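Enquirer: Whatever this is, show me its structure:
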Amino acid sequence: MRAAIPVVERIETKISKAERARLEALSAKCLSEDRNLSSIAHFEPGVRCGLESGPALLIEDRSEIALAGTPEQWQLEYRLAQLAANNDMLVISGKRCPDFEAYLARLLGIDGLDVLSARNPWGPRACPMPRRCAEQGDILRHITEVASAGGRLSIIPDVATGHVWNLAHTIAEAAGVRVCVAGAPPRLSRQANNKLWFAARVKDTFGAGAHPPSHSAFGPAALAARVRDLSREHQRVVIKIPDSAGSAGNLALASEDLRHVRLGELRQRLLSLLALFGPNWRFPVKVEVWDSPILSSPSVQVWIPDREEGAPMVEGAFEQVVEGEQGEFVGATRAHLPGPWRERLGQEAARLAVLFQELGYFGRCSFDAVIAGDSYDAAKLHWIECNGRWGGVSVPITFANRLGSAVSESEIVIVQRTTINVPPRPFRDVLSLFADVIFTPGQSSEGLILLTPAGFERGTGAHFMTVAKSLERAKDMAGMALQRLEQT
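Expert: Here you go, the predicted structure:
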């Protein structure tokens, strides 16, 4: 199965029968409190969780994640093409990039990538890509014909939203075939990506000390009180929009600026700052201590199969590279941690993954953590959030795995810049710019691999990875590539 292949490395884990029983009891309690958490009854009998051989439809869409913007604003279009097999369908919102499609085909041998452009019928408002597919007759007919001819269809979404599941149901009924969604049931998918819900699961699994001190705030007065209370004992506090992705909904604050402000004034100040996120946020929000100092910010990559297919696979830990006061994700490298810490990360991630599996989760997942302290000997491990979706680490490292041992045995530096200004270039010119350092399977053991075209073409970003035998060499190549983009 195309997405279940272990990636660059694998952390071996073992969970005792007693611990598994405890996790099963925790999942049963959670399901009893939210009986629709893993339900897909509305979409049955033609739709189920899973991933099969045969034709697939890949959908990259984050418009239903808070603060993510419209698909047209997404700079990483074509990213899921890195997961495609021969003749798979990929839905995008803009114009095709034949040069990038040809480049991917040379790297991966993908033959006949079927790229469909689903334009927005709602003007400036975000229309989710799965809904566009369901409502635009020519696209739906094409997908249905492919599904019917293949006798089945798998949908591989960036994140498994309700609109994805509705599309699966529409296709199953129209084509008369089974449709598998390579993602979690819709409510569980939404909750897994909610920072408040995930914090509760961490505390259930490991205790309160496994998460930074935090509170939920259901209104402005509670928000101001929570922020002031935490600011009295900690250097930095962060307000998080719970259902946003990564740092997009983070508002980090220096405690020294908050401790002596009257509550009424603090409330207005915080509301003014939150208004900068635009109108699409709402209470409750999460108020959390910003750990400092931080020794490492690892993201543990996990694949969670169906229960009948075996235990979750903990595929590796990658160090996230973040910048700015809000901790914007700009890339990642393999995490080089002391042995006991690597083992601890793997074991705890495995426990979270088993809990998720027992809840009915299927597919790609990653757990973000921080190791906080002055030294590893006395540091604390805090689990921060779950990415219940494909992301900035999982897609590139799966891509690297597909390129074979020459890459998977190398050091990797992932660069994901979406807020830089560089000269805009057609993708063919980007290939020419890096012709001397482009990685070529079977011909080079190191080099640059371009991951998506849109940022280069718009002049607003850069998305690539470098592979080399040493981490320093891979970092040097990444720096050289960014410099070349800016100067040429």
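Enquirer: Where in this structure is the helix or strand with the lowest mean pLDDT?
Expert: Ranking every helix and strand in the chain by mean pLDDT, DSSP states H and E puts helix 405-408 at the bottom, with a mean of 68.
Enquirer: Following the chain past that one, name the next helix or strand.
Expert: strand 411-417 (DSSP states H and E).
Enquirer: Run me through the strand neighbours of that following strand, direction for each.
Expert: Paired strands of strand 411-417, with direction, are strand 328-334 (antiparallel), strand 462-468 (antiparallel) (DSSP bridges).
Enquirer: right, and the helix or strand after it?
Expert: Downstream of strand 411-417 (by DSSP H and E), the next one is helix 427-433.
Enquirer: Need the CA coordinates for that next one. PDB is fine.
Expert: Output of helix 427-433 as PDB, limited to C-alpha atoms (Å, rounded to 0.1, in the frame of the first residue of the first chain):
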ATOM      1  CA  PHE A 427       9.700  26.500 -13.300                       C
ATOM      2  CA  ARG A 428      11.900  25.600 -16.300                       C
ATOM      3  CA  ASP A 429      14.100  28.600 -15.300                       C
ATOM      4  CA  VAL A 430      14.300  27.300 -11.800                       C
ATOM      5  CA  LEU A 431      15.600  24.000 -13.200                       C
ATOM      6  CA  SER A 432      18.200  25.900 -15.200                       C
ATOM      7  CA  LEU A 433      19.200  27.900 -12.200                       C
END
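Enquirer: could you give the mean pLDDT of it?
Expert: Averaging pLDDT along helix 427-433 yields 97.
Enquirer: now that helix: how far from the chain's centre is it?
Expert: 28 Å (CA atoms, centre = their mean, to the nearest Å).
Enquirer: Give me the residues contacting that helix.
Expert: Helix 427-433 is contacted from outside by 97, 99-100, 103, 425, 438, 450, 453, 456-457, 484-485, 488, using CB atoms under 8 Å, 6 or more residues apart in numbering. For the C-beta atoms, the positions are set from N, CA and C on the backbone; glycine is no exception.
Enquirer: Give me the buried positions along it.
Expert: Residues of helix 427-433 classed as buried by neighbour count (16 or more other CB atoms under 10 Å): 427, 430-431, 433.
Enquirer: name the helices or strands packed onto whichever helix or strand comes after that helix?
Expert: Moving toward the C-terminus from helix 427-433, the next helix or strand (DSSP H and E) is strand 447-450. Under the contact definition 3 or more CB pairs under 8 Å, 6 or more residues apart in numbering; DSSP states H and E, strand 447-450 sits against helix 98-108, helix 427-433, strand 462-468, helix 471-487.
Enquirer: follow-up on the earlier one: dump the contacts of helix 427-433 into CSV; add distance to residue 209 as well.
Expert: Formatted as CSV, the contacts of helix 427-433 follow (distance: CB to CB, whole Å):
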residue, distance to residue 209
97, 48
99, 51
100, 46
103, 47
425, 49
438, 47
450, 43
453, 45
456, 44
457, 47
484, 46
485, 44
488, 50
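Enquirer: nearest to residue 355, of those?
Expert: Among the contacts of helix 427-433, residue 450 lies closest to residue 355 (CB to CB), at 37.2 Å.
Enquirer: how much space between the nearest residue to that closest one once chain neighbours are set aside and residue 480?
Expert: Using CB to CB, 6 or more residues apart in numbering and skipping residues adjacent in sequence, the residue nearest residue 450 is residue 464, 5.0 Å away. From residue 464 across to residue 480, the span is 11 Å (CB to CB, to the nearest Å).
Enquirer: Over to residue 311?
Expert: 41 Å.
Enquirer: Check residue 401 too.
Expert: On the measure of CB to CB, residue 401 and residue 480 end up 25 Å apart.
Enquirer: Which of the two has more residues huddled nearby?
Expert: For residue 401 versus residue 480, neighbours defined as other CB atoms under 10 Å are more numerous around residue 401 (17 against 14).
Enquirer: so residue 334 makes contact with residue 318?
Expert: Yes. The pair residue 334 / residue 318 is scored as a contact, 5.9 Å apart, by CB atoms under 8 Å.
Enquirer: Give the burial count for residue 316, as a bare number.
Expert: 25.
Enquirer: Which positions are bridged to it in the beta structure?
Expert: Going by DSSP bridges, residue 316 forms beta bridges with residue 301.
Enquirer: Next: residue 58.
Expert: Counting by DSSP bridges, the residues bridging with residue 58 are residue 90, residue 156.
Enquirer: What strand or helix carries residue 299?
Expert: Using DSSP H and E, the element containing residue 299 is strand 298-304.
Enquirer: That strand to strand 328-334, inter-axis angle?
Expert: 80 degrees (axes from the mean of the first three to the mean of the last three CA atoms, to 10 degrees).
Enquirer: Show me the contact partners of stretch 125-141.
Expert: Counting by CB under 8 Å, 6+ apart, 57, 59-61, 63-64, 69-71, 91, 93, 116, 118-121, 143, 157, 161, 163-164, 166-167, 170-171, 174 sit against stretch 125-141.
Enquirer: could you measure residue 292 against residue 173, distance?
Expert: Distance from residue 292 to residue 173, by CB to CB: 53 Å.
Enquirer: who has more neighbours, those two?
Expert: Taking other CB under 10 Å, residue 292 and residue 173 do not tie; residue 173 has more neighbours (14 against 11).
Enquirer: Now that one. Nearest residue, chain neighbours left out?
Expert: Nearest non-adjacent residue to residue 173, counting by CB to CB, 6+ apart: residue 46, 6.4 Å away.
Enquirer: The one you found and residue 169 touch, don't they?
Expert: Yes. In this structure, residue 46 is within contact of residue 169 by CB under 8 Å, at 6.9 Å.
Enquirer: between these two, what contacts are shared?
Expert: By CB under 8 Å, 6+ apart, residue 46 and residue 169 have these common neighbours: residue 179.
Enquirer: which regions of the stretch 301-450 of the chain sit below the pLDDT cut-off?
Expert: In the predicted model, the stretch 301-450 of the chain carries pLDDT under 70 at residues 324-328, 405-406, 408.
Enquirer: Low-confidence stretches in the stretch 1-150 of the chain?
Expert: For the stretch 1-150 of the chain (pLDDT under 70), the answer is 1-9.
Enquirer: who does residue 464 bridge with?
Expert: Under the criterion used here (DSSP bridges), residue 464 is bridged to residue 415, residue 450.
Enquirer: re the thing from before, just give me the neighbour total for the residue nearest to residue 450.
Expert: A count of neighbours around residue 464, defined by other CB under 10 Å, yields 27.
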